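**Student:** Task: produce atomic coordinates for the following.
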Amino acid sequence: MKSATIRVRSAIGGYAASLKGKRATCTWGPMKAARRCAGKIVGESKYRLERMKLRVGDSEKGVLYRFVVHALEE
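**Tutor:** Predicted structure coming up:
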């Protein structure tokens, strides 16, 4: 995986991030939820995360934030 998109939605008391069937939740903030999700897929500290603009139709699907995760070369 070179890069992939993480979608962050509202969850009870926090945020839920999902990517490729994996999910992570966090009450601290959307970026932390995205980091936890990326860590499950790519591995801790083996990625770079950046925020993306929302796409048309994201708000109807409940998506609050989008992040792109880039796997770092070892």
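
**Student:** mind listing the strands for the chain?
**Tutor:** 3-11, 14-19, 22-26, 47-52, 63-71 (DSSP state E).

**Student:** Buried deepest among these, which one?
**Tutor:** Of all the strands of the chain, strand 14-19 carries the top mean neighbour count, a mean of 20, counting by mean count of other CB atoms under 10 Å. C-beta coordinates here come from the backbone N, C-alpha and C atoms, glycine included.

**Student:** residues touching A4, list them.
**Tutor:** Residues near A4 by CB atoms under 8 Å, 6 or more residues apart in numbering: L19, K20, I41, V68, V69.

**Student:** what's the pLDDT at the residue nearest to the last one when sequence neighbours are not counted?
**Tutor:** Read that as V69. Nearest non-adjacent residue to V69, counting by CB to CB, 6 or more residues apart in numbering: A38, 4.3 Å away. A38 carries a pLDDT value of 92.

**Student:** swap in A34?
**Tutor:** Per-residue confidence (pLDDT) for A34: 94.

**Student:** ok so, going back, could I get the strands of the chain as CSV with distance to K32 and mean pLDDT?
**Tutor:** As requested, these are arranged in CSV below (distance: least, CB to CB, whole Å; pLDDT from 0 to 100):
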stretch, distance to K32, mean pLDDT
strand 3-11, 10, 94
strand 14-19, 8, 95
strand 22-26, 4, 93
strand 47-52, 10, 94
strand 63-71, 11, 95
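
**Student:** Reformat the ones you listed as JSON lines; add distance to A33.
**Tutor:** Below are the strands of the chain laid out as JSON lines (distance: least, CB to CB, whole Å):
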{"stretch": "strand 3-11", "distance to A33": "6"}
{"stretch": "strand 14-19", "distance to A33": "4"}
{"stretch": "strand 22-26", "distance to A33": "4"}
{"stretch": "strand 47-52", "distance to A33": "11"}
{"stretch": "strand 63-71", "distance to A33": "9"}
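
**Student:** My guess is A34 contacts V8. True?
**Tutor:** Yes. In this structure A34 lies within contact range of V8 using CB atoms under 8 Å: 5.8 Å.

**Student:** Nothing else from me, thank you.
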